[in-house]
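Engineer: quick one, fold the following:
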Amino acid sequence: MTHPHQKRRISDLPAELLEVILTKLPFVDNIRSSAVCSSWNSATTQTPLCAQTPWLMLPSDQEHDFTTCRFFNLAENKFYKMKNVFEGLGYDVWCVGSSHGWLVILDDEAKPHLFNPFSRVQIQLPLFTDELANVNNLRKSFITKAILLADPSRSNDFVVVMIYDYDFASRLAFYKQGDKTWTKLVGANQDYCDIICHDNQLYALADNRSVEVWEFQSSSPTKIMSIEPSMQLKDVEKFPRNNNISTKFYLVKTSNDDVLFIERFIGNFVNAQGLVVDESYLLSSNDTQPLVCPYRTKMFFVFKLDFKLKRWEKVESLKDQVVFLGGNQSMSVSSHDFLESKPNSIYFTDDRWYEMDLDNLYGGHDLGLFNLDNESIKPFYHSDLEKIDPPPFWITPNPW
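Structural biologist: Okay, the predicted model is just below:
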């Protein structure tokens, strides 16, 4: 029996109470807790993290420093620097996906890996088949996106799915833990633009705005839903569509289970006044050098899937939802859970990877915060860089 005046040690905290505390701590405090004592360290590795805001992964802000990564924590408005993050993987690691706190990367020899930058755990994935043999020359355009259907630190049955470009079509391929090769998804559409994981199922968005849901629990993946929603013409004519504007499509499952289709409008050439200009504007008779007019995002449209009517309905407000878009798995969180984030907003990064090497003056720069209330775009952190290579990436921190 403990004497009432006997000094208690922090390691004597009841396990049930410690678990309650740990499930409410943000990522950084969870890491600090693991260093308190051995019992706390054991508890943190076994207790699921509470929902976390994504962090922004960026390269070093120092010239010729290829070994340092910076992580911007939105909740704290603070940068963390990590040295030698990709040690052993080369100096030109290219990220093609982020989900469950893991990155899907290609090393400088184009070998694919799963990698957790916080725990430094690395999982080698199979090399690409002969059909994918040109990947060495197309690292920044060959794979559009890759995601995980489960957290490898919590599950031995994880699946990696990727969108890859081949023969002028965007196809799906997958790897199941323990497989020796990548497998093309049989029965899939031939042009995909985004994929997400929800409840261990794959949701895939095709270029024609149709949505497929795939289940991977059986030996062979099974398509359990396919829907091609209509869209009212008046909803797609509110923003100019011409050769000076490019679009990107995203699929999002919100925290209240709505399925969203998001269209992003990017001006291919945007001048210093923020106006989208024609390519001929870049060089006039008075100029000896072309003007620098980097591409920039100008607008987002958001639609919600009405399953009953099989129709995409225009959404004027996301209410409390906050969306994160880019090369990562598209995600949505509630601002009630993350008071530092801006509700009814979209935080976006630059995923126009195929242009990274077209100009030395810009690339990776197209990131910001879009507000649906007033359709404004502003930066969410300050940067003087016009070229950010490799481009920024959202990652939800996972210490294990």
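Engineer: pLDDT value on L114, please?
Structural biologist: L114 carries a pLDDT value of 97.
Engineer: ok, then the element right after the strand or helix carrying it?
Structural biologist: Element membership of L114 [criterion: DSSP states H and E] is strand 112-115. Once strand 112-115 ends, the next helix or strand along the chain (criterion: DSSP H and E) is strand 122-124.
Engineer: distance between that following strand and the chain's centre?
Structural biologist: Here strand 122-124 is found 19 Å from its chain centre; the criterion is CA atoms, centre = their mean, to the nearest Å.
Engineer: who does that strand pair up with?
Structural biologist: strand 112-115 (antiparallel) (DSSP bridges).
Engineer: then the strand it pairs with to PDB, C-alphas only?
Structural biologist: What follows is strand 112-115, C-alpha atoms only, in PDB (Å, rounded to 0.1, in the frame of the first residue of the first chain):
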ATOM      1  CA  PRO A 112       9.700   2.000 -55.600                       C
ATOM      2  CA  HIS A 113       9.600   2.000 -51.800                       C
ATOM      3  CA  LEU A 114       7.200   2.700 -49.000                       C
ATOM      4  CA  PHE A 115       8.800   5.100 -46.500                       C
END
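Engineer: ok so, going back, what's next to the strand holding L114, contact-wise?
Structural biologist: With CB atoms under 8 Å, 6 or more residues apart in numbering as the test, strand 112-115 has contacts from 86, 89, 102-107, 121-128, 148, 152, 160. For the C-beta atoms, the positions are set from N, CA and C on the backbone; glycine is no exception.
Engineer: how about stretch 307-322?
Structural biologist: Residues contacting stretch 307-322 (CB under 8 Å, 6+ apart): 209, 227-232, 235, 254-256, 260-261, 301-306, 332-336, 338, 341-347, 372-373.
Engineer: need the contact partners of the lengthiest strand in the chain.
Structural biologist: The longest strand of the chain (DSSP state E) is strand 296-306. Applying CB under 8 Å, 6+ apart, the external contacts of strand 296-306 come out as 211, 227, 229, 231, 235-236, 238-239, 245, 258-267, 270, 274, 276, 311-315, 318, 346, 348, 366, 368, 370, 372, 375, 377.
Engineer: mean confidence for that strand?
Structural biologist: Strand 296-306 shows a mean pLDDT of 95.
Engineer: hang on, the earlier thing: which of the contacts of stretch 307-322 count as buried?
Structural biologist: Buried members of the contacts of stretch 307-322, scored by 16 or more other CB atoms under 10 Å, are 209, 229, 254-255, 260-261, 301-305, 332-335, 338, 341-347, 372.
Engineer: mind listing what's buried along the very next helix or strand once past the longest strand of the chain?
Structural biologist: Next along the chain after strand 296-306, taking DSSP H and E as the criterion, comes strand 311-314. For strand 311-314, a neighbour-count test (16+ other CB under 10 Å) marks 311-312 as buried.
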